[in-house]
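Trainee: Coordinates for the following, if possible.
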Amino acid sequence: MTLLRVDASIQGPVSASSALADLVLDEFTAARPEVPVVRRHLGQHPLGAEVWSGAIAGSYTPEEDRNAAQREAIALAEQVADELQQASLAVLAMPLYNFGISQHAKTWIDVALAGAPQGTRLLEGTPTVLVTTRGGAYGPGTPCEGWDHNTDFLRRILVDIWGADLTVVEREFTLVGVNPALDEFTEMASIMRKTAEEAATSAGADLAARAA
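Mentor: Numbers count the residues shown, from 1 in each chain. Modelled structure (predicted):
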């Protein structure tokens with residue numbers, strides 16, 4: 001049994017999504033310290049865009065005719081796909097950037113898709129926690145309603161394409177306290193943070209129970 005954790009934030013130690021993922025992991029490992037955690041941090045160690053194109057080109061090239069770059073790209077793509085397929089549980093921290101999915105997360109998805117036969121359900125039945133954060137507010141009635149092109153896309157990939165048993169932990173208004181224009185929402189943001197942290201802790205406990 002292994003747990004796969006993937007982070008896509010570029011914010012380092014101040015990342016809101018990584019902080020929530022930490023809460024999930026803290027709760028999980030407190031109950032199941034013996035379960036190894038496989039980590040991939042796409043924000044700190046991004047996959048190169050050339051990996052996907054190299055893996056795709058290499059897959060259409062006879063093995064004996066592949067160049068070194070294609071062979072390397074295929075091997076890395078297979079490794080990324082295998083990390084997903086071998087995971088018993090997963091925690092994915094994928095923040096919204098510029099109204100959509102992080103470029104690092106998108107490349108990771110593309111590479112994983114290239115690393116397994118078409119249609120492979122890489123997370124079939126795998127209990128998976130998706131942590132996603134948004135700097136502003138995107139709910140019904142807000143000026144940015146409908147502008148979150150990250151969360152639904154990830155649901156499509158994780159659930160519809162890869163077959164994950166998905167739990168989503170969300171936090172909005174992470175830029176309150178950073179952007180003075182949002183100061184009027186301080187109390188609301190505090191409530192949202194508390195709610196998200198409680199949801200993350202609960203998700204970690206649920207993962208631990210399901211791993212028992």
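
Trainee: Does the residue nearest the centre of the chain belong to a helix, a strand or coil?
Mentor: Computing the C-alpha centroid of the chain and ranking residues by Cα atoms, centre = their mean puts L92 first, at 3.2 Å. What DSSP: H, G, I helix; E, B strand; the rest coil gives for L92 is strand.

Trainee: Report the beta-bridge partners for it.
Mentor: Assessed by DSSP bridges, L92 has beta-bridge partners V6, L130.

Trainee: What distance do you get for it to P62?
Mentor: Distance of L92 to P62, given as Cβ to Cβ, to the nearest Å: 35 Å. Where you see a C-beta, it was placed from the backbone N, CA and C, and this is true even at glycine.

Trainee: what's the spacing between the helix ranked longest in the chain and its chain's center?
Mentor: For the chain, the helix with the greatest residue count under DSSP state H is helix 186-211. Remark: helix 186-211 is offset 16 Å from the chain centroid, using Cα atoms, centre = their mean, to the nearest Å.

Trainee: by contact count, what packs against that helix?
Mentor: Here helix 186-211 is seen to pack against helix 16-31, strand 89-93, strand 127-133, strand 165-171 when contacts are counted using 3 or more Cβ pairs under 8 Å, 6 or more residues apart in numbering; DSSP states H and E.

Trainee: Mean neighbour count, the ones you listed: which tops it?
Mentor: strand 89-93 (a mean of 27; mean count of other Cβ atoms under 10 Å).

Trainee: Which elements pack onto the helix or strand following that strand?
Mentor: Later in the chain than strand 89-93, the nearest helix or strand by DSSP states H and E is strand 96-97. The criterion is 3+ Cβ pairs under 8 Å, 6+ apart, and there are no helices or strands that strand 96-97 contacts.

Trainee: which residues touch strand 96-97?
Mentor: For strand 96-97, the surrounding residues in contact (Cβ atoms under 8 Å, 6 or more residues apart in numbering) are 10, 103, 132-135, 138, 148, 150-151.

Trainee: can you do 6 Å?
Mentor: The contact list for strand 96-97 (Cβ atoms under 6 Å, 6 or more residues apart in numbering) reads 134, 148, 150.
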